[in-house]
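Q: Predicted model follows, preceded by the sequence.
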Amino acid sequence: MPELPEVETYKRDLDATSLHQEITGVEVRDAYVLQNISGRQLSRRLEGRRFESSYRHGKHLFVRAGDELWLRLHFGMTGSLEYLNRDDIGPKTSRVIFHFANNSGLVFDDQRKFGEIELIKDLDEFLQKRGLGPDALKINFSLFKQIAGNHRGGMKAILLNQQLIAGIGNLYADEILFRARMHPAIAAAGLSDEDLARLFRATHYVLEKAIALKTDFNRLPKSWLLTHRGKRGKCPRCGRALKSATIGGRTSWFCTHCQKRI
Ligand SMILES: [Zn+2]
């Protein structure tokens, strides 16, 4: 499931390939991913315009196409963006293709179709309506401390709650907690400033490192949980078998030896 680092990677690819080109049409192969707009309307509203800039907040990507006109993309479970050069054929599961004047295109690929494409007028209004918390990479330590301190419940549930902190999903939440050596069910309320500082640093490190590696799982450090999680997985720190449990509503992987509940 695309989380903050994946969406940031799509954003950077989009910025490098798809800005400032005239949009000649939008091909909607599957309208299921469209929200509050038909395929015909989407094409009509964007035709002749250009993508001018983009903005990411949490797992949402917004692409500006004019005054009060933003394309909103959410990648659901399996969504991604792919730039198509002149003769490239997009993946079979291409749902929407934005065609540009030079015959290139931008594909919204989404095998499982939980993604969302929408046109909105006002970005801030959207963020407010959805009640999204601050972006996980734009948050400072004092705000992070405040969020964790003001909420009961386990730390993993807090990291996953998009209304509190936007952008972190199941895989990276587990990775952050592993790096900070905290059990996913640890109560946020009992954490010291020092613990929270360690967690804050781990959050930045994990998200930034994943972005720097373009979220290529084959290139992630072997010391990361992500490359070991799963049945028969061993803790890369101590070598003991990893455990899994449903925590914060999701399947969590962790090491009971390295990650203490305190
Ligand atoms: Zn361990």
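A: Nice, I can see it. Please read all numbers here as calculations on a predicted model, not as lab measurements.
Q: Over to Thr246. Which of the three states is it?
A: strand (DSSP: H, G, I helix; E, B strand; the rest coil).
Q: how far away is the residue lying closest to Ile23 once chain neighbours are set aside from His60?
A: Across the structure, with CB to CB, 6 or more residues apart in numbering as the measure, the residue nearest Ile23 apart from its sequence neighbours is Leu46 (4.9 Å). Placement of C-beta: from N, CA and C, glycine included. With distances defined as CB to CB, to the nearest Å, the gap from Leu46 to His60 amounts to 18 Å.
Q: returning to what we had before: so what pLDDT did the residue nearest to Ile23 get?
A: The predicted local confidence for Leu46 comes out at a pLDDT of 98.
Q: Let the chain start at 469 from now.
A: Sounds good: first residue 469 from here, last item Leu514.
Q: Touching, it and Ile565? I think so.
A: No - using CB atoms under 8 Å, Leu514 is not in contact with Ile565, being 11.8 Å away.
Q: Quick one: end-to-end length of stretch 679-698, please.
A: Taking CA to CA, to the nearest Å, the first and last residues of stretch 679-698 lie 23 Å apart.
Q: Run through who's touching that stretch.
A: Residues lying outside stretch 679-698 but in contact with it, judged by CB atoms under 8 Å, 6 or more residues apart in numbering, are 473-474, 476-477, 639, 642-643, 646, 677-678, 702-705, 710, 721-723.
Q: Mind listing what's buried along it?
A: Using 16 or more other CB atoms under 10 Å as the burial criterion, the residues of stretch 679-698 that qualify are Ile679, Thr683, Leu688, Trp692, Leu693, Leu694, Thr695, His696, Arg697.
Q: One more: stretch 496-516?
A: Under the neighbour-count rule (16+ other CB under 10 Å), stretch 496-516 has Val496, Arg497, Val501, Leu502, Ile505, Gly507, Leu510, Ser511, Arg513, Leu514 buried.
Q: which stretches of the stretch 519-668 of the chain have low pLDDT?
A: Flagging of the stretch 519-668 of the chain using pLDDT under 70 yields an empty set of residue ranges.
Q: For it, which residue gets nearest to the ion?
A: Residue of the stretch 519-668 of the chain nearest the ion, by CB to the ion: Phe646 (8.5 Å).
Q: Wasn't that residue part of a strand?
A: No - remark: Phe646 does not belong to a strand; assigned using three-state DSSP, it is helix.
Q: For it, which non-adjacent residue is spatially closest?
A: Residue nearest to Phe646 in three dimensions, not counting chain neighbours: Leu693, with 4.1 Å by CB to CB, 6+ apart.
Q: Contact partners for Tyr551?
A: Tyr551 neighbours (CB under 8 Å, 6+ apart): Asp481, Leu482, Thr485, Ser486, Ser572, Gly573, Leu574, Val575.
Q: same question, Gly534
A: Contacts for Gly534 (CB under 8 Å, 6+ apart) come out as Arg517, Glu520.
Q: rerun at 10 Å
A: Residues touching Gly534, when contacts are defined by CB atoms under 10 Å, 6 or more residues apart in numbering, comprise Arg513, Leu514, Gly516, Arg517, Arg518, Phe519, Glu520.
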